[in-house]
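**Student:** here is the input, now give the coordinates:
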Amino acid sequence: MVQSWAGNILLVLQLAALGATVFALIHAIRQRPDAFTAVDKLTKPIWLTILSVAAVVLLLVQGLLAFVAIIATGVYLADVRPKVDEVQRGPRW
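**Tutor:** The predicted model follows:
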């Protein structure tokens with residue numbers, strides 16, 4: 001019984017991580033390429049590759065590699081996304 005609960009919790013966490021990665025990938029696709037370089041981040045094609053690989057890894061692999069994919073998604077969502085959004089919106093008054 002404990003194993004089924006643990007398995008269900010891990011499944012929910014994996015689906016949440018996959019959802020966050022898909023969200024990040026869609027966000028990256030919709031942004032202008034020059035916005036990434038304007039905020040001194042990796043280029044748009046590199047982030048699209050990183051996030052695409054992260055999504056595939058989360059679909060197919062468990063363990064340490066999936067953890068690395070989650071970290072890559074977290075870096076995009078916490079560091080790159082806010083700065084890219086800010087540079088495209090302009091200064092707030």
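**Student:** got any ranges where this structure has weak pLDDT?
**Tutor:** Applying pLDDT under 70 to the chain flags the ranges 1-2, 90-93.
**Student:** what's the helix or strand that Ala66 is a member of in contact with?
**Tutor:** For Ala66, the element it lies in under DSSP states H and E is helix 64-75. If you take C-beta atoms under 8 Å, 6 or more residues apart in numbering as the criterion, helix 64-75 is touched by 14, 17, 20-21, 24, 50-51, 53-55, 57-58, 61. Glycine gets a C-beta too; all of them are placed from N, C-alpha and C.
**Student:** list the buried residues for it?
**Tutor:** 66, 69-70, 72-73, 75 (16 or more other C-beta atoms under 10 Å).
**Student:** equivalent analysis for stretch 15-28, please.
**Tutor:** In stretch 15-28, counting by 16+ other C-beta under 10 Å, buried: 17-18, 20-21, 24-25, 27-28.
**Student:** out of the residues you listed, which are inside helices?
**Tutor:** 17-18, 20-21, 24-25, 27-28 (DSSP state H).
**Student:** reformat those residues as CSV; add distance to Gly7.
**Tutor:** Output for those, formatted as CSV (distance: C-beta to C-beta, whole Å):
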residue, distance to Gly7
Ala17, 16
Leu18, 16
Ala20, 21
Thr21, 21
Ala24, 26
Leu25, 27
His27, 30
Ala28, 31
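**Student:** just to revisit the earlier point, out of the buried residues of helix 64-75, which is nearest to Arg32?
**Tutor:** Val75 (20.0 Å; C-beta to C-beta).
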